[in-house]
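K.L.:
Compute the structure for the input listed below.
(one chain, ligands or ions: 2)
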Amino acid sequence: MSVHIEAKQGDIAETILLPGDPLRAKWIAETFLENPYCFNKIRNMFGYTGNYRGKRVSVMGTGMGVPSISIYAHELINEYNVKNLIRVGSAGSYQKHVEIRDVIIAMAASSNSGVNELRFGGADYAPTASFELFDKAVTSARKQNIPFKAGNVFTSDEFYADNFEAYKKWSKFGVLCVEMESAGLYTVAAKHNVNALSILTISDSLVTGERTTSEERETSFKNMINIALDLA
Ligand SMILES: O=P(O)(O)O[C@H]1O[C@H](CO)[C@@H](O)[C@H]1O
Ligand SMILES: O=c1cc[nH]c(=O)[nH]1
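P.N.:
Ligands and ions are numbered 1, 2, ... in the order given. The predicted structure is shown next:
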């Protein structure tokens, strides 16, 4: 048991999928895993372990934002020996060619995170995906004929930005979309020498204003899950 996770030693697999939404974790466990066992209910941050095609895999919510995912990633790595942390999140498009329901594999995560500014004393750190997981995800997506885009994403501390137009600067520099956790996850994983990757689905577009519903974000982004589970 750690401060925020009540699982026993051995309850959590080496590979874990990490949606922000704990109800997406429940849906993933109930939809994709055989014999899912719930190992965490603290704060309703549901976590499950089950089998996928004969391999043991876990899934757990992280909450929203860098501080929240950093707490869970720290405890999963240090208290439960997790080695592969795969975020499966929703994201807002920054580009015209990045459309609703597109799958994005995040090579790197730019950020305005106050956490990394504090950690590195104002200097820049480039949070990057594990090449091993990235390579496997690309291979898996191609094998399953799932179209994807790969590149730089933006991890924001804001969901409701004071300056909406500010996204256009990141868009101009090729950043594909915005979400709120990947830079934190990549940094904590690097600190502890384990693997991390974010696979995202576009839930809305800052360019066109289109958006999916909360229910669609919870229970319909299957392509990214099929890629993520193939990495177990
Ligand atoms: O759908 P999840 O995985 O929560 O990811 C995105 O959705 C939340 C905001 O609605 C933030 O956590 C953001 O990163
Ligand atoms: O952080 C996020 C996630 C989804 N969509 C957004 O616009 N922002």
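K.L.:
and the lowest-mean-pLDDT helix or strand in the chain with ligand 2, contact?
P.N.:
In the chain, the helix or strand scored least confidently by mean pLDDT, DSSP states H and E is helix 214-219, which has a mean of 85. No - shown here: helix 214-219 not in contact with ligand 2 (Cβ under 6 Å from any ligand atom), separated by at least 8.0 Å. No exception for glycine: its C-beta is placed from N, CA and C like everyone else's.
K.L.:
For that helix, which helices and strands make contact with it?
P.N.:
Other helices and strands packing on helix 214-219, by 3 or more Cβ pairs under 8 Å, 6 or more residues apart in numbering; DSSP states H and E, are helix 22-32.
K.L.:
which parts of the helix it packs on are buried?
P.N.:
Of the residues in helix 22-32, 22, 23, 24, 25, 26, 27, 28, 29, 32 count as buried by neighbour count, 16 or more other Cβ atoms under 10 Å.
K.L.:
can you tell me if that helix touches ligand 2.
P.N.:
No - Helix 22-32 lies out of reach of ligand 2 by Cβ under 6 Å from any ligand atom, never closer than 12.6 Å.
K.L.:
Please point out which parts of the next helix or strand after that helix sit buried.
P.N.:
Using DSSP states H and E, the helix or strand that follows helix 22-32 in sequence is strand 34-40. Going by neighbour count (16+ other Cβ under 10 Å), the buried part of strand 34-40 is 36, 38, 39, 40.
K.L.:
Same question for stretch 207-221.
P.N.:
207, 212, 217, 218, 219, 221.
K.L.:
near ligand 1, from those?
P.N.:
residue 217.
K.L.:
Out of the buried residues of stretch 207-221, which two sit at the greatest distance?
P.N.:
Longest distance between any two of those is 25.2 Å, between 207 and 219; criterion Cβ to Cβ.
K.L.:
Check what pLDDT the one residue in the chain that gets nearest to ligand 2 gets.
P.N.:
Nearest to ligand 2 in the chain, going by Cβ to the nearest ligand atom, is residue 92, at a distance of 2.4 Å. With respect to pLDDT, residue 92 scores 98.
K.L.:
Am I right that it falls within a helix?
P.N.:
No - read with DSSP: H, G, I helix; E, B strand; the rest coil, residue 92 is strand and lies in no helix.
K.L.:
Grab the nearest non-local neighbour of the residue nearest the centre of the chain.
P.N.:
Centroid-nearest residue in the chain, with Cα atoms, centre = their mean: residue 87, separated by 2.1 Å. Spatial nearest neighbour of residue 87, chain neighbours left out: residue 198 (4.1 Å); criterion: Cβ to Cβ, 6 or more residues apart in numbering.
K.L.:
Packing partners of the helix or strand where that neighbour lies?
P.N.:
Residue 198 is part of strand 195-205 when elements are defined by DSSP H and E. Applying 3+ Cβ pairs under 8 Å, 6+ apart, one finds that strand 195-205 contacts strand 84-93, strand 103-111, helix 131-143, strand 177-179, helix 182-191, helix 222-229.
K.L.:
which helix of this structure spans the most residues?
P.N.:
For the chain, the helix that runs over the most residues, judged by DSSP state H, is helix 66-80.
K.L.:
Could you tell me which residues of this protein lie near ligand 1?
P.N.:
Residues of the chain lying near ligand 1 (Cβ under 6 Å from any ligand atom): 19, 20, 21, 64, 89, 90, 159, 179, 180, 181, 217.
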